[in-house]
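Visitor: The sequence isn't on hand, but the structure is:
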């Protein structure tokens with residue numbers, strides 16, 4: 001057969017954009033969660049809310065870094 005033997009999928013620009021968008025959403029969700037809970041709880045954040053906010057923020061930053069590395073590696 002005349003098929004190419006290179007079976008590794010190539011990353012397209014839309015892959016990088018998707019990862020970056022997911023990172024933006026996660027980061028924004030973490031910050032919004034903190035702000036909404038601060039408003040709802042009269043300026044006090046419960047420990048669970050702080051943990052959730054930090055998790056979303058770290059995931060968002062990590063995805064943004066991954067997208068930058070993927071884009072630079074091309």
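Guide: Ah, there it is. Model, not experiment: these values are computed from the prediction. Numbering: from 1, shown residues only.

Visitor: Count residues in the vicinity of residue 41, would you?
Guide: Neighbourhood size, residue 41 [other C-beta atoms under 10 Å]: 11. No exception for glycine: its C-beta is placed from N, CA and C like everyone else's.

Visitor: how close does it sit to residue 19?
Guide: According to C-beta to C-beta, to the nearest Å, residue 41 and residue 19 sit 33 Å apart.

Visitor: Please apply the same query to residue 58.
Guide: 15 Å.

Visitor: Among the two, which residue is more densely surrounded?
Guide: Comparing residue 58 with residue 19 by other C-beta under 10 Å, the one with more neighbours is residue 19, at 21 against 13.

Visitor: The more buried one: what secondary structure?
Guide: Secondary structure, DSSP: H, G, I helix; E, B strand; the rest coil: residue 19 is helix.

Visitor: Assess the claim that it and residue 67 are in contact.
Guide: Yes. Residue 19 is within contact range of residue 67, at 4.3 Å (criterion: C-beta atoms under 8 Å).

Visitor: can you map out the helices along the protein?
Guide: Using DSSP state H, the helices of the chain run over 13-40, 47-72.

Visitor: Compute the mean per-residue pLDDT across the first one, please.
Guide: For helix 13-40, the mean per-residue pLDDT is 88.

Visitor: how much space between the residue at minimal distance from the centre of the chain and residue 54?
Guide: In the chain, the centroid-proximal residue (C-alpha atoms, centre = their mean) is residue 23; its distance is 2.1 Å. Relative to residue 54, residue 23 is positioned 15 Å away (C-beta to C-beta).
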